[in-house]
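> can't give you the sequence, but here's the structure:
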């Protein structure tokens, strides 16, 4: 997760935490707080999608991904508590139906998204936490380089570039 995304998520989490007490006391504030909580969860879902895109495009060191998963799981605690509270007290509030019904549907959808997101993050975290650490044996590496040198197995870079340019799958340069 980039520093900018982390800072944005942290600022939104802090803002929701500060607003939770003041906004939830009145009906209009409760609706706004509910919508903001759903919006924050949408941001966390987008951050997860960006993390997965980065993973699939070139990878991320397992240790870093595990740390990012832990951070994201920490960010999910707030919305989980808020959404649980919102759903628990929703029907005790006298809320205007024209505003309340769509927001309540959004809250229910956000709760499902939260469960799915948390499950996905935990699963990915477990998978990468158990990933074996691959470390090259320095002696074996020296031996293989020596073999390649002696057998002249190295391909000059200009030949590789020429082959890539001739390949039909190569990107066009404009």
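Nice, thanks for sending it over. For clarity, every value in this text was computed on a predicted model and none was experimentally measured. Residues are numbered from 1 along each chain as shown.

> and residue 20, what element?
Assessed by DSSP states H and E, residue 20 sits inside helix 3-23.

> Centre of the chain to whatever helix or strand comes next after that helix, how far?
Following helix 3-23 in sequence order, the next helix or strand is helix 27-58 (DSSP H and E). Computed by C-alpha atoms, centre = their mean, to the nearest Å, the chain-centroid distance of helix 27-58 equals 10 Å.

> now stretch 112-129
10 Å.

> pLDDT on it, on average?
The pLDDT scores in stretch 112-129 average 92.

> swap in stretch 65-85?
Mean pLDDT, stretch 65-85: 89.

> List of residues touching that stretch?
With C-beta atoms under 8 Å, 6 or more residues apart in numbering as the contact definition, stretch 65-85 has outside contacts at 1, 6, 9-10, 13, 16-17, 20, 24, 33, 37, 40-41, 44, 47-48, 51, 55, 60, 107, 110-111, 114, 117-118, 121-122, 124-125, 128-129. C-betas here are computed from N, CA, C, even on glycine.

> which of the residues you listed count as buried?
1, 9, 13, 16, 20, 24, 33, 37, 40-41, 44, 47-48, 51, 60, 107, 110-111, 114, 117-118, 121, 124-125, 128 (16 or more other C-beta atoms under 10 Å).

> Only the buried residues of the helix or strand containing residue 67, if you could.
Residue 67 belongs to helix 62-89 when elements are defined using DSSP H and E. By neighbour count on 16+ other C-beta under 10 Å, the buried set for helix 62-89 is 62, 65-66, 68-69, 71-72, 75-76, 78-80, 82-83, 86.

> try stretch 28-45
Neighbour counts over stretch 28-45 (16+ other C-beta under 10 Å) mark 30-38, 40-41, 43-45 as buried.

> Let's check: the centremost residue of the chain is which one?
Nearest to the mean C-alpha position of the chain, by C-alpha atoms, centre = their mean, lies residue 48 at 1.8 Å.

> Might you report the residue contacts of that residue?
Per C-beta under 8 Å, 6+ apart, neighbours of residue 48: 72, 117, 120, 121.

> What is the most widely separated pair among the residues you listed?
72 and 120 (10.0 Å; C-beta to C-beta).

> could you check the angle helix 3-23 makes with the helix holding residue 67?
For helix 62-89 against helix 3-23, the angle by axes from the mean of the first three to the mean of the last three C-alpha atoms, to 10 degrees is 20 degrees.

> so how far is residue 103 from residue 97?
As judged by C-beta to C-beta, to the nearest Å, residue 97 and residue 103 stand 11 Å apart.
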